[in-house]
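Peer 1: Fold the following and give me the result.
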Amino acid sequence: MPPRPRFDRRAPIRELPNINDRISYPKLRVVDADGAQLGVINREEALDVAKERELDLVLVSEKADPPVCRIMDYGKFKFEQEKKAKEAKKKSHQTEVKEVKMRYKIDQHDYDVRIGHAVRFLKAGDKVKCTVIFRGREIQHTALAENLLRRMASDLEEQAEVQQSPKREGRNMIMFLTPRKTPLVKKDKEEVSPSKAIRTITTPSKVKSANTPPQPKNQKT
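Peer 2: Residues are numbered from 1 along each chain as shown. As a prediction, the model looks like this:
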């Protein structure tokens, strides 16, 4: 096929579906809308059957001998196929690796910003590469960098799992986090309620009754 001119303003050629009159094969194996086999019939007869049912004759297998056609509502079929394709596209997510860089001497505000970035990446379904960068003699403080990464893993434990523990690579220390698949279950601390205090102070009425001597009973004469 020769190349199209540079300034060709014609609309691109669309590939039209092989349905109804666009089917040119003389003999066809036809399947009804309910899946019943109608056998091998000629093209005109197959088109008449489709028109009687107010449906379309759609070519589904061109390489078969003879080619296979199905009687169906092509508009409804196309709509369902496009809907399934959109749903599959929404569900499919290519996992990417997002990186969060910092120094081991990072202040609290910047650390909170890095945590926010990591949470956003994890909620999008991406992995997070946490990197602590060493400069100059900072390479001597790998323990501080490891503590920082473990602190980050602890702060993100509800959203992430540690895929790779802190590990030194060259002049960096890295850790990989992956989105948590199962929710984190935390054991709630049982709150022990203080026992009720027993009242040991006697009331004035009890004190009075305790100090009053018993009255003698009246004897009959």
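
Peer 1: Going by C-alpha atoms from here, please, whenever you check contacts or count neighbours.
Peer 2: Will do.

Peer 1: Please enumerate the strands of this protein.
Peer 2: 27-31, 37-42, 56-61, 68-72, 97-102, 127-133, 160-169, 172-179 (DSSP state E).

Peer 1: Outline the domain layout of this protein.
Peer 2: Domain segmentation of the chain under automatic domain parsing yields 20-88, 97-179.

Peer 1: Give me the local confidence score for the residue nearest the centre of the chain.
Peer 2: Against the mean C-alpha coordinate of the chain, by C-alpha atoms, centre = their mean, the closest residue is residue 125 at 6.3 Å. Here the pLDDT value assigned to residue 125 is 86.

Peer 1: Likewise for the one 10 residues further on?
Peer 2: At residue 135, the model reports a pLDDT of 90.

Peer 1: How about residue 202?
Peer 2: Note for residue 202: predicted pLDDT of 50.

Peer 1: For residue 19, find the nearest of the strands of the chain.
Peer 2: Shortest distance between residue 19 and those, using C-alpha to C-alpha, is found for strand 56-61: 4.4 Å.

Peer 1: Summarise which helices and strands the closest one is packed against.
Peer 2: If contacts are counted by 3 or more C-alpha pairs under 8 Å, 6 or more residues apart in numbering; DSSP states H and E, strand 56-61 sits against helix 43-52, strand 68-72.

Peer 1: hmm, who's touching the first one?
Peer 2: Residues outside helix 43-52 that contact it (C-alpha atoms under 8 Å, 6 or more residues apart in numbering): 20-21, 23-28, 30, 56-57, 71-72.
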